[in-house]
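# A structural model of the following input is requested.
(2 chains, ligands or ions: 2)
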Amino acid sequence: MTEALLLIRRSLLVALRQPAAIIPNIGISVFFLFVYNAGLGAVENLPGFEGSYLAFILPVAILSAAVGGAGVAGQELVRDLESGYFSKLLLTPARRLSIVWGPMVAAAILLVGQVVLILVLGLIIGLDSATGVPGLLLVVVFAFLWGMAFAGYAAFAALRFKNAAAAQAATLAFFPLLFLSSTFVPLEFLDGWLKVAATLNPTTYVFEGMRAVLMTGWDWRDVGLGLLVVVGTATLTGALAVREAVRSTRLAR
Amino acid sequence: MSSPADRSIVVENLTRCYGDLRAVDSVDLQIDSGRIFGFLGPNGAGKTTLVKVLTTILAPTTGRALVGGHDVVSEGHEVRSLIGVALQDVGLDSLMTASELLQLQARLFGYTPEAARGRTRLLLKRVGLDDVPAKKRVGAYSGGMKRRLDLALALVHEPAILFLDEPTTGLDPVSRVEIWTEVRRLNRDLGVTIFLTTQYLEEADRLADEVAIISRGHIVAQGSPMELKREVGQEVITLVFAEEEEARQAEGALGHLDGARQLVGRELLVYSARAAELVPSLVRRLDAHGLALEGLSLAQPSLDDVFLRATGERMEDGDDSHLAEKVGP
Ligand SMILES: Nc1ncnc2c1ncn2[C@@H]1O[C@H](COP(=O)(O)OP(=O)(O)OP(=O)(O)O)[C@@H](O)[C@H]1O
Ligand SMILES: [Mg+2]
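Numbers count the residues shown, from 1 in each chain, chains lettered A, B, ... in the order given. Ligands and ions are numbered 1, 2, ... in the order given. As a prediction, this is how the structure comes out:
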């Protein structure tokens, strides 16, 4: 356990020493929040739409922050692989799990910082959470877990391709997931193939979970399903990343 | 940490391939506890590959290796807890400071925060980095400073067996001697077994109790530097000509004169137990054939000669300083 904490702390330290890797990401998600809210806010007036569009679109800003924010984990692993520091860590008694998850957890923690900022901005421009502060905390938990899920994928890509450009390109694969979903309008408004894609897309359930607490209240079915999906995805991508670390380093047992 | 009795390294018929290339080919080695072992070979010979196998970073393709009595494949964890490793390419995080790296390393090896701080102070002093500003990040270190920090990191947990892959390559002569001193101290005072690779014949000669020479994946000679040099036999007369062609003609011209010959570019080497007596007749013979000498030297054999006898090539290819040393009056 100590080793995990030590490695998370080190990853945080290193990430904070490269603010250039974090700040643009915050900028983009804030941009999303304002532009979508201003540009698509009229959806609120459509018959069948209940609640505020701001609360509806806020999870989009949060999850897009997660995509970029989690990329930090991949970038750090690529940096360590390139510098040879990764080998040095592998030669310590630290478990492979801690070495790979250290940067992932650190990226998710940094993401929490960004999400709190987005929420504060949201509150300033009139966000009204249906479940109050506990609901906002749950949104942060969602963001953390979804961050872990993205970070696991980014770490996997970093360990597989071992170069920054390829790892970065691989994380872009997540953008379709973000937009082939109930991103801008509720699921009921979607039609045809987009509706099928959105129903199959795990991101949809994360949106629904967050929106439930922000817009309607403690709807345990939506919240539970959303949590199940994020925990499942995070476990899956995290396990893939660790497996890739073991495979690609071919370290003797 | 504990001081395990077994600090030996045993390699049995070990091969490691990269695709079709046999980078390390059927190598056998036996290194007793507490020795300094010099692993000598030119670029691409397979030194780093063997170090990576012995330190569990790479798995062997076939064969077996025991480090401190533990199998590098099935008991990797035990091996890693015994060894300290400074690879040829230093592995440092340029965004961290030396103290941060050393303390993290110590904590990961189970030291308490206090003990980790103590260890950090001691090691920074020992490798001569204690007067570097504490806030300076490793990215701003010179190559030599990075090497020394990397050595310190390898020593954090007081390893019983230390692997150093070309620890002095690229260092200035003063730093090189400092590293030698530290290697000897670790070996003498703490009984650390040291596996050191080098391209420098002098380094192997001065530092190692025992040497193996590797070329294209094969061990071509093995023994103490003294033994190896004695095996070459005799002394070496080096005849230097202006042209390769002349050297070749000279080889023919010497005919049945005593001594084993070897042609290396525009040098002709003659090995003989009575070299000094041989020189006048050699010179007369060359003169008679109208072959002018550019230089002539008579020397005790070096490890370079050992390498040359084993492989037919010079290790320090085109190294003029080496040549200059040999060309006598
Ligand atoms: N990862 C790799 N993939 C393919 N071939 C490799 C790899 N690493 C090394 N080789 C090849 O294996 C051979 C041995 O390389 P190795 O690095 O062990 O040599 P070395 O003795 O350490 O050389 P140097 O003195 O230059 O460090 C070389 O021919 C090299 O090109
Ligand atoms: Mg090497």
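
# Now do the helices in the stretch 201-329 of chain B.
In chain order, the stretch 201-329 of chain B shows helices spanning B:201-207, B:225-232, B:244-253, B:275-288, B:303-311, B:320-326, with DSSP state H, counting those that start in this stretch as the criterion.

# Name the residues of the least confident helix or strand in chain A by mean pLDDT that are buried.
The element with the least model confidence among the helices and strands of chain A, by mean pLDDT, DSSP states H and E, is helix A:164-172, at a mean of 78. Within helix A:164-172, the residues that qualify as buried by neighbour count (16 or more other CB atoms under 10 Å in any protein chain shown) are A:164, A:167-168, A:170-171. To be clear about C-beta, it is placed using only N, CA and C from the backbone, and glycine gets the same treatment.

# Could I get the phi/psi values of residue B:129?
Geometry field for residue B:129 lists phi and psi as phi -110, psi 10, criterion degrees, to the nearest 10.

# Please apply the same query to residue A:24.
Here the main-chain torsion angles of residue A:24 (degrees, to the nearest 10) amount to phi -60, psi -30.

# Near it, how many other residues are there?
Neighbour count for residue A:24, taken as other CB atoms under 10 Å in any protein chain shown: 10.

# and it, what does it touch?
Residue A:24 makes contact with residue A:68, according to CB atoms under 8 Å, 6 or more residues apart in numbering or on different chains.

# Look up the pLDDT of the residue of the stretch 1-150 of chain A found nearest chain B for me, please.
When CB to the nearest CB is the measure, the stretch 1-150 of chain A has its nearest residue to chain B at residue A:84, with 3.1 Å between them. Looking at residue A:84, its pLDDT is 91.

# So it versus residue A:120, what's the distance?
Going from residue A:84 to residue A:120 by CB to CB, to the nearest Å gives 41 Å.

# highest average neighbour count across the helices of the stretch 201-329 of chain B?
A comparison of the helices of the stretch 201-329 of chain B by mean neighbour count, using mean count of other CB atoms under 10 Å in any protein chain shown, puts helix B:303-311 on top with a mean of 22.

# close to ligand 1, is it?
No: for a cut-off given as CB under 6 Å from any ligand atom, helix B:303-311 has no contacts with ligand 1; the smallest distance is 13.2 Å.

# Give me the contacts around that helix.
Here helix B:303-311 has contacts from B:40, B:201, B:204-205, B:211, B:213, B:215, B:220-221, B:225, B:228-229, B:231-232, B:236, B:262, B:264, B:269, B:271, B:313-316, B:322, using CB under 8 Å, 6+ apart.

# With stretch A:36-56 instead?
Contact partners of stretch A:36-56, identified using CB under 8 Å, 6+ apart, comprise A:57, A:60-61, A:122, A:125-130, A:184-186, A:188-189, A:211, A:214-216.

# just checking, which of those belong to helices?
Taking DSSP state H, the ones among the contacts of stretch A:36-56 that sit in helices are A:57, A:60-61, A:122, A:211.

# Tally up the residues packed near residue 174, please.
By default, I'm working from chain A. For residue A:174, which is what you asked about, the neighbour count (other CB under 10 Å) is 20.

# switch to chain B, that's the one I care about
Neighbour count for residue B:174, taken as other CB under 10 Å: 8.

# follow-up on the earlier one: may I see the buried residues of helix A:164-172 organised as JSON lines, with distance to residue A:177 added?
As requested, the buried residues of helix A:164-172 are arranged in JSON lines below (distance: CB to CB, whole Å):
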{"residue": "A:164", "distance to residue A:177": "22"}
{"residue": "A:167", "distance to residue A:177": "17"}
{"residue": "A:168", "distance to residue A:177": "16"}
{"residue": "A:170", "distance to residue A:177": "13"}
{"residue": "A:171", "distance to residue A:177": "11"}
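
# Adding distance to ligand 2, write the residues you listed out as JSON lines.
Rendered in JSON lines, the data for the buried residues of helix A:164-172 read as follows (distance: CB to the ion, whole Å):
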{"residue": "A:164", "distance to ligand 2": "25"}
{"residue": "A:167", "distance to ligand 2": "27"}
{"residue": "A:168", "distance to ligand 2": "31"}
{"residue": "A:170", "distance to ligand 2": "31"}
{"residue": "A:171", "distance to ligand 2": "34"}
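
# ok, so of these, who is nearest residue A:146?
Of all these, the one sitting nearest residue A:146 is residue A:171; the distance, using CB to CB, is 13.5 Å.

# is it true that that closest one touches residue A:74?
Yes: taking contacts as CB atoms under 8 Å, residue A:171 lies within contact range of residue A:74: 6.3 Å.

# Need the overlap of contacts for these two.
Overlap of the contact sets of residue A:171 and residue A:74 (by CB under 8 Å, 6+ apart) consists of A:154, A:157.

# centre of the chain versus stretch B:179-198, how much separation?
13 Å (CA atoms, centre = their mean, to the nearest Å).

# try stretch B:294-301
Averaging C-alpha positions (CA atoms, centre = their mean) puts stretch B:294-301 25 Å from its chain's average.
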